[in-house]
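Asker: any chance you can model this:
(2 chains)
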Amino acid sequence: MRLIGKKEIEHMAIGAALLGTGGGGDPYIGKLMALQAVEEYGPIKLLSPEEVPDEALVVPSAMMGAPTVMVEKIPNGEEAIAAFKALEEFLGQEIYATMPIEAGGVNSMLPLALAARLGLPVVDADGMGRAFPELQMVTFYLEGVSATPMVLSDEKGNSLLLNTIDSVWAERIARKATIEMGGSVMNAIYPMTGRAMKNSSIHHILTLEEQIGARIEAALKNNKQPINEILELTNGRVLFQGKVMDIDRKTQDGFAKGTAIIEGLGTDLDKSCRLHFQNEHLLAEVDGKAICITPDLIAVLDAETGMPITTEGLRYGARCIVIGMPCDPKWRTEKGIEVAGPGYFGYETKYRPIEELLRKEEV
Amino acid sequence: MSTYRIGIDVGGTHTDAVVLDEAYNVIAEVKATTTEDVSSGIYDALKKVVAKSGLPAEEFRYAMLGTTHCTNAIVERKRLNKVAAIRIGAPATTAIKPLVGVPDDLRAILGKHLYIVGGGNEFDGREIAPLDEEGIRQIAEELKGQVDSVAITSVFSPVSTDHELRTAKIIKEVMGEETVLSLSSEIGSVGLLERENATILNAAIVDVARSTADGFVKALEKEGIHADVFFGQNDGTLMSVEYTVKYPILTIACGPTNSLRGAAYLTDKPDALVVDVGGTTTDVGVLVGSFPRQSSLAVEIGGVRTNFRMPDIASIGLGGGTVITIKEDGSYQIGPESVGYRLIEKGLVFGGDTLTTTDIAVAAGKAKLGNPELVNHLHPNTVDKIYAKMVEMAEDTIDKMKTSSTPVPVILVGGGSILFPDQLKGASEVIKPENSGVANAIGSAISQVSGQIEKIFNADELGREKTLELARNMAFQQAIEAGADPDQLTLIDLEEVPLSYLPGNATKIRAKAAGGLLSERENIQS
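Answerer: Residues are numbered from 1 along each chain as shown, chains lettered A, B, ... in the order given. I've put the predicted structure just below:
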């Protein structure tokens, strides 16, 4: 157990932007909520997964709906608490700790604000190790943890408990309800035992975020390029360096889909990289050959500052470095690939781990 | 009939002024030094340009000013008003109070009267809660005599302005009609904190704007000029004095915009890249349909994150006065220091002791200025290397601002534009227009009046075509209210962004229309 305060939150937000792999929603609002909560209620207890008793109840907290709504209609902080209270009442058990379902983007920060307000510990773990757009795209689901019973709560005081026959129904009803409740709600979801959490989550991801953020910040202060430090922390590899030449974007089924063409510079001169994204970066190809495929992580960094560039922020002329990072082994199972692999997102490429793709490249 | 206009633009180094005739021909131009108080530099430029034009005072019909008073007040934290901020949104939004994330020194000045009251709207226009009118009345009672101006920000006011307008009415009833109010729906777009910050900053500079406007009007009167006065705003269009003192925040960053607009006018190129080379920096902007392309990212002003419309400008520390250091091993450094307006005493070619980019351009034979013999001692290889690097810095910045690899026209303006050659990588042509040294003042003088809206629409309700039409008409209406001639309005920007995770094809649409001044046409007809 250790305490985390403002400085750690600032660092985690930078790391969350990187693990957001281009999407996940801007962590900014979540960060400010966490900062204000810490200012008012004191620091947050961060637990290592193994510190959680096997029988304890762990409940992740997340926002659901449109990030665009959330930046305008900011939560009041009570929504997540109401969701937790309703779930505790239904389950007849006190919640021992909370955690993020995704380490990338805004959802990495929101459980911190909740934890500070309730004096509840946060487990240093998540269910993605990155960001993904859908509820079932979590390692909890891969290990058979049910999303329900789940509770949605809005700022007006409405709470809705869903006890559905499967997660497809949960998603279907929750999406509709979210709209009625104002487009952005907080939920208590994937309730699980400490044992299930240890088995199904990605461990020490918040600490990783914090380290990434701390290293980026330190490097920027010394006018240094932080990319090597990021690679070292994430076992990542530089996939490509160059300049964005063309972007083709459209919104389809509520997702920002598209591709970006990056023309090589430096050691990648005369090569071309095609990046495919759907909210997050999902597939990188160099000269027609895949070199990093979802669920492995792809991040685009500003070549000067090393700061992550979101899919929305990609524009012509941006000098960037594309990096790839191996995903958690939990994603590299048959079910993992089925849930969040290239096929699910409509790409024809078959998933192969980044290490294997780059080895071939080197031969 | 008087038909001449005066355009003045305040830059970091120079305050430029021009006199244009009815057909926008340049009759006179002057460059004065920007003073610390800004105002005396403006008065100086005004006096000089009027004298230089040789025209009698009654010949001037319009006076347009683009100034940095408001930016400076915020950056320097000086002369700010006592403000209160009321956010309408409870029970939502309380997890982040107003001004959280704003630098502490500014928060200490602006954060003395912060309130969050019940009300606000959902993304689709429904009420989050009824407006807490009683609460607002109490707050207004409390604020009587305590503050100079009040910032009002309601959740989703870009979708529905009702709660902001009702709040404004109550406050005026209690605190008096003359109370200065800033409404967020007039200032920014979706993104509560950024819009609220911009609204609070606006409330904080209303007096600065008022005294700037009064001062300018008086300075004109002192010259015997009774012109219609307008202020430039950062989208390249004009605001009346009345509107300026209500929404002074919109004057921020009007300088780069004026240069862009002036460049478009001088070259008749509506779509081009504009490279404005000043004494200290080079600013690169993009013209789309004669107007600056706007930034889509959050913009910081004095350390405060805001989201209101700003021209998309890339700035590098390379100007005519940028200092060059050559080390003993032959390596060199360009900037970031600059001698600024003191180039004419400090630069080597002017007999000074400091090597600048201007000296390099002269030594390389690219510019004719001062006494070239004074840079003969520089090694030609070193000179060529440095010059190539300077050009490369500009070309890189140009490339970053382009939207595709297709070559585009590049317009060079500003006092330092002599630094650069007639060919640049990525440019289909390089144009150095006449009077380019005062393009910013010309841009200020020729500005049009605009109206803009940014709202979330349900595109399924009316269909896409009708929705866009509706947005267009709303922008036209805004422009007409701002003083534009209804018969010569054009739509200059239309952008639709579908919002993910929302039903009914919720789409954020931004529309902007602009046209000439209504009084201008009356003038021409009469």
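
Asker: look through chain B and tell me its longest helix.
Answerer: The longest helix of chain B (DSSP state H) is helix B:380-401.

Asker: next helix or strand past it?
Answerer: Using DSSP states H and E, the helix or strand that follows helix B:380-401 in sequence is strand B:408-413.

Asker: the longest helix of chain B packs against which elements?
Answerer: Applying 3 or more C-beta pairs under 8 Å, 6 or more residues apart in numbering or on different chains; DSSP states H and E, we find helix B:380-401 packed against strand B:272-277, strand B:282-288, strand B:314-316, strand B:322-326, strand B:332-338, helix B:357-363. The way it works is simple: take the backbone N, C-alpha and C, and place the C-beta from them, glycine included.

Asker: how about low-confidence regions in the chain?
Answerer: By default, I'm working from chain A. A:251-255, A:360-363 (pLDDT under 70).

Asker: try again with chain B
Answerer: Judged by pLDDT under 70, chain B has its weakly predicted residues at B:1-2, B:296-298, B:308-309, B:497-505, B:519-526.

Asker: what domains does the record give for it?
Answerer: B:1-77+B:206-252, B:81-204, B:316-442, B:447-525 (automatic domain parsing).

Asker: need these in JSON lines (columns: mean neighbour count and distance to B:T282).
Answerer: Formatted as JSON lines, the domains of chain B follow (neighbours: other C-beta atoms under 10 Å in any protein chain shown; distance: least, C-beta to C-beta, whole Å):
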{"stretch": "domain B:1-77+B:206-252", "mean neighbour count": "21", "distance to B:T282": "12"}
{"stretch": "domain B:81-204", "mean neighbour count": "21", "distance to B:T282": "27"}
{"stretch": "domain B:316-442", "mean neighbour count": "19", "distance to B:T282": "5"}
{"stretch": "domain B:447-525", "mean neighbour count": "19", "distance to B:T282": "23"}
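
Asker: and the closest residue to A:Y351 other than its chain neighbours, what does it touch?
Answerer: Closest residue to A:Y351 apart from its sequence neighbours, by C-beta to C-beta, 6 or more residues apart in numbering or on different chains: A:G341 at 4.4 Å. Residues near A:G341 by C-beta atoms under 8 Å, 6 or more residues apart in numbering or on different chains: A:293-295, A:351.

Asker: rerun at 10 Å
Answerer: A:282, A:293-296, A:331-332, A:334-335, A:347, A:349-351 (C-beta atoms under 10 Å, 6 or more residues apart in numbering or on different chains).

Asker: pull out the buried members of those.
Answerer: Among these, those classed as buried by 16 or more other C-beta atoms under 10 Å in any protein chain shown are A:282, A:293-296, A:331-332, A:347, A:349, A:351.

Asker: restricted to strands, list those.
Answerer: A:282, A:293 (DSSP state E).

Asker: and the buried ones among the contacts of A:G341, which two are the farthest apart?
Answerer: Distance extremes for those: the farthest pair is A:R332 and A:Y347 at 16.7 Å, using C-beta to C-beta.

Asker: all helices for chain A, in order.
Answerer: With DSSP H, the ranges of helices along chain A come out as A:6-19, A:28-41, A:67-70, A:78-91, A:110-118, A:139-142, A:167-180, A:194-200, A:205-221, A:227-234, A:334-340, A:354-362.

Asker: just name the most buried of these.
Answerer: Among the helices of chain A, helix A:110-118 has the highest mean neighbour count (mean count of other C-beta atoms under 10 Å in any protein chain shown), at a mean of 26.

Asker: quick one: check it for contact with chain B.
Answerer: Yes - interface with chain B: helix A:110-118 contributes A:110, A:113-114, A:117 (C-beta under 10 Å from any C-beta of the partner chain).

Asker: check stretch A:287-301 too.
Answerer: No - residues of stretch A:287-301 contacting chain B under C-beta under 10 Å from any C-beta: none, with a closest distance of 15.2 Å.

Asker: quick one: terminal-to-terminal distance for that stretch?
Answerer: End-to-end distance for stretch A:287-301: 20 Å, by C-alpha to C-alpha, to the nearest Å.

Asker: buried residues in it, which are they?
Answerer: Across stretch A:287-301, burial judged by 16+ other C-beta under 10 Å covers A:290-301.

Asker: excluding its backbone neighbours, what's nearest residue 118?
Answerer: Reading this off chain A. Leaving aside its sequence neighbours, A:L118 sits nearest to A:I81 (C-beta to C-beta, 6+ apart; 6.2 Å).

Asker: nope, chain B please
Answerer: Leaving aside its sequence neighbours, B:G118 sits nearest to B:D132 (C-beta to C-beta, 6+ apart; 3.6 Å).

Asker: over to A:A196?
Answerer: In space, and not counting its chain neighbours, A:A196 is closest to A:V145: 5.5 Å by C-beta to C-beta, 6+ apart.
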